[in-house]
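> predicted model follows, preceded by the sequence.
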Amino acid sequence: MKRFVKIILAAGLLFNLFPAFAKGSEKSSGENFVYPYEYRVVVNEISGVSAPYQVDDYIVFTAKDGPNHIGIVFDFEDYKTIHSFFRKNITDIDNKVIDSYRFYILELPKDTESISYRLIIDGIWTTDPTNINKYYNPYTGIEVSTLDVKNNHVDETQASSQGVHFIYQGESGLKVRIGGTFTNWDSWIYELTETRPGYYELYLPLPEGTYYYAYYTGTKSFVDKTNPDRAWSGEGREASKIVVD
C-alpha cells in the first residue's frame, strides 16, 4: 500500500522536491532559496508528528495541522526571529489529501550542545506539546522547551546508515570536488561547500556498501586526510575507502 501513497509538499510552499528546498521564517516570505540535498532527504523522511529529533546536523520539529500559523523561536537568536512551520500533505494515488502536518527543520549552529525554544501558535507563545522536556525560569516567569543535541562539530569524514558526511580542511577559497565509485570516478558532479574559512563539507546519501573516492582541485587528485582507510588500484592509484552500513 505504501507505494500507492505519495508524499508532497503543499503548493503554497516555496519548495521543489528535486533541486532545492526552502527554510521558513517570517523574514523569508516571497524569496527563493536553495538548500542542500541532505535537507531534502530529511524532509522526505518525516513520517508524522513526533517529539523533536536530530538527523546529523538538523533538528526536526513537527506539529499537528490546524492552526493558521505556527512559528518557532530559539534561545541562540534571543527569541527574536520567528521561523514559520511548513505544511506537508500526504496524498493517495488519486492526489487526494489523506493527512497533513506541519514541520520545521533547524540547521544546528556549530558546537551546539542544547537548545531552548518556544512555539507561537496563532499568536500565542507556548511550549512544544510534543516535547516533555521543559524549563521554567522563576525570574522571568517564562517556560521554554529544551532539547539536548549531539555536538555537530565534525572534523573528519563520517559515514552513517544513510550516507556519508565528507570533510576537507585546507586553504580557503578552493574549489574542492569529489569523485569515486559512486560517480564512476567523475569528479565534476559534486563540489564541497566551504562552510567556514578552509573547512569544506558535503553530505551524500548513499546505500549500504563500500565506496572508494578521492578529492580533486583542478586536475590534481588526493586522498581524504581525515579518513585513514585507504586502498590502491591495480595501477597503483591511492584512494580513500569508506563503508556505509
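Sure thing, it's come through.

> the host helix or strand of Lys241 pairs with which strands, parallel or anti?
Element membership for Lys241 (DSSP states H and E) is strand 238-244. Within its sheet, and counting by DSSP bridges, strand 238-244 is paired with strand 209-217 (antiparallel), strand 230-232 (antiparallel).

> report the buried residues of the longest one.
Residues 211-216 are the ones in strand 209-217 that count as buried (16 or more other C-beta atoms under 10 Å). To be clear about C-beta, it is placed using only N, CA and C from the backbone, and glycine gets the same treatment.

> show residues contacting that strand.
The contact list for strand 209-217, computed with C-beta atoms under 8 Å, 6 or more residues apart in numbering, reads 164, 166, 168, 174-182, 187, 192, 221-224, 231, 238-244.

> filter the residues you listed down to just the buried residues.
The buried subset of those (16+ other C-beta under 10 Å) comprises 164, 166, 168, 176-180, 182, 187, 192, 221, 223-224, 239-242, 244.

> in terms of mean pLDDT, which of the strands paired with strand 238-244 ranks lowest?
Among the strands paired with strand 238-244, strand 230-232 carries the lowest mean pLDDT, a mean of 91.

> where's it relative to the chain centroid, distance-wise?
Chain-centre distance of strand 230-232: 30 Å, with C-alpha atoms, centre = their mean, to the nearest Å.

> same check on stretch 163-171?
With C-alpha atoms, centre = their mean, you get 16 Å for stretch 163-171.

> which residues does that stretch contact?
With C-beta under 8 Å, 6+ apart, stretch 163-171 has contacts from 38, 41, 56, 154-159, 176, 178, 192, 198-206, 211, 213, 215, 224-226, 242, 244.

> repeat that for stretch 231-238.
212, 214, 223, 230, 239-241.

> grab the most central residue of the chain for me.
Tyr39 (3.7 Å; C-alpha atoms, centre = their mean).

> element containing it?
helix 37-44.

> after that helix, which helix or strand is next?
strand 53-55.

> tell me where the longest strand sits in the protein.
strand 97-107 (DSSP state E).

> partner strands of that strand, parallel or antiparallel?
Sheet partners by DSSP bridges: for strand 97-107, these are strand 58-64 (antiparallel), strand 86-91 (antiparallel).

> any chance of the ones you listed in JSON lines, plus mean neighbour count and mean pLDDT?
Below are the strands paired with strand 97-107 laid out as JSON lines (neighbours: other C-beta atoms under 10 Å; pLDDT from 0 to 100):
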{"stretch": "strand 58-64", "mean neighbour count": "20", "mean pLDDT": "94"}
{"stretch": "strand 86-91", "mean neighbour count": "18", "mean pLDDT": "89"}
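
> for these, which one sits closest to Asn131?
Closest to Asn131 of these, according to C-beta to C-beta: strand 58-64, at 8.6 Å.

> quick one: contacts of the closest one?
With C-beta under 8 Å, 6+ apart as the criterion, strand 58-64 contacts 38-39, 42, 46, 48-50, 52-54, 70, 72, 85, 101-108, 115, 119, 121, 128-130, 147, 149.

> pull out the buried members of these.
Looks like the contacts of strand 58-64 have 38-39, 42, 46, 49, 52, 70, 72, 85, 101-106, 108, 115, 119, 121, 128, 147, 149 buried, using 16+ other C-beta under 10 Å.

> could you dump the strands paired with strand 238-244 into CSV with distance to Lys134 added?
As requested, these are exported to CSV (distance: least, C-beta to C-beta, whole Å):
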stretch, distance to Lys134
strand 209-217, 42
strand 230-232, 48
